[in-house]
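Engineer: Build the 3D model from these lines:
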Amino acid sequence: MIGERATKRFELVGSSKQGIQQAIENAIERAGQTIRDLDWFEVKAIRGNIQDGGVLWYQVKLGVGFRALDPTDLTSNE
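Structural biologist: Here you go, the predicted structure:
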């Protein structure tokens, strides 16, 4: 039926020296290279590393959801 779907969820960690947003975008971009139909994310934790009194890098733990395949997707030729 139209509108019915299942979503799978997994955790992912992204990091960046540029900031939190870049860490999120790095993680999503990398996951998108191997997982189809990414749908949403939620930030679960933010961490970082301090060196010589300044932030060296940022790390973000994400919950990421993607749409589970419909059985018809398994038989299509796309």
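
Engineer: how about the residue minimising distance to the centre of the chain, secondary structure?
Structural biologist: With distances taken as CA atoms, centre = their mean, residue 28 lies nearest the centre of the chain, 4.0 Å away. Look at residue 28: counting by DSSP: H, G, I helix; E, B strand; the rest coil, its state is helix.

Engineer: Could you tell me how many residues sit around residue 37?
Structural biologist: 14 (other CB atoms under 10 Å). C-beta coordinates here come from the backbone N, C-alpha and C atoms, glycine included.

Engineer: Would you mind naming the residues that bridge with the nearest residue to it once chain neighbours are set aside?
Structural biologist: In space, and not counting its chain neighbours, residue 37 is closest to residue 67: 4.1 Å by CB to CB, 6 or more residues apart in numbering. Listed beta-bridge partners, residue 67: residue 7 (assigned using DSSP bridges).

Engineer: Just to check, residue 67 is in contact with residue 7?
Structural biologist: Yes - assessed by CB atoms under 8 Å, residue 67 is found in contact with residue 7 at 5.9 Å.

Engineer: Neighbour count: the two, which is higher?
Structural biologist: The neighbour comparison of residue 67 against residue 7 (other CB under 10 Å) goes to residue 67, with 15 against 11.
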